[in-house]
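In: coords below, sequence missing:
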């Protein structure tokens, strides 16, 4: 694996963790466990929203709506893990 492949693999890994944190924070906000008017929570959510929502919106255009259940983060995580596997398998 080259240095670029290793960097890309680790970047995709970090992006996957950001998706998981974004989903968990959205759940905690929707159940009023944490308050979005908190400045730190607001800064974190704005950052995660700006890096994750563009890809989720592209997936939402393709995937049908399942009511209140949003499966697009799961699909994005599967795509990221597939890319990571391809990087390792083909030695990019």
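Out: Now that the structure is in, tell me what you want to look at. All values derive from a computational prediction rather than experimental measurement.

In: show me where this structure has helices.
Out: 3-30, 39-62, 72-90 (DSSP state H).

In: which residues touch residue 51?
Out: Counting by CB atoms under 8 Å, 6 or more residues apart in numbering, residue 51 touches 15, 18. From N, CA and C alone the C-beta is placed, and that goes for glycine too.

In: tell me how far it lies from residue 89.
Out: For residue 51, the distance to residue 89 equals 26 Å [CB to CB, to the nearest Å].

In: sorry, back to before: redo the helices of the chain as a markdown table? Include mean pLDDT.
Out: Output for the helices of the chain, formatted as a markdown table (pLDDT from 0 to 100):
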| stretch | mean pLDDT |
| --- | --- |
| helix 3-30 | 95 |
| helix 39-62 | 95 |
| helix 72-90 | 94 |
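
In: what number of residues lie near the residue nearest to residue 15 when sequence neighbours are not counted?
Out: Distance criterion CB to CB, 6 or more residues apart in numbering; nearest residue to residue 15, sequence neighbours excluded, is residue 80 at 6.4 Å. Using other CB atoms under 10 Å, residue 80 is surrounded by 17 other residues.

In: residue 80 and residue 12 touch, don't they?
Out: Yes - counting by CB atoms under 8 Å, residue 12 is a contact partner of residue 80 at 5.0 Å.
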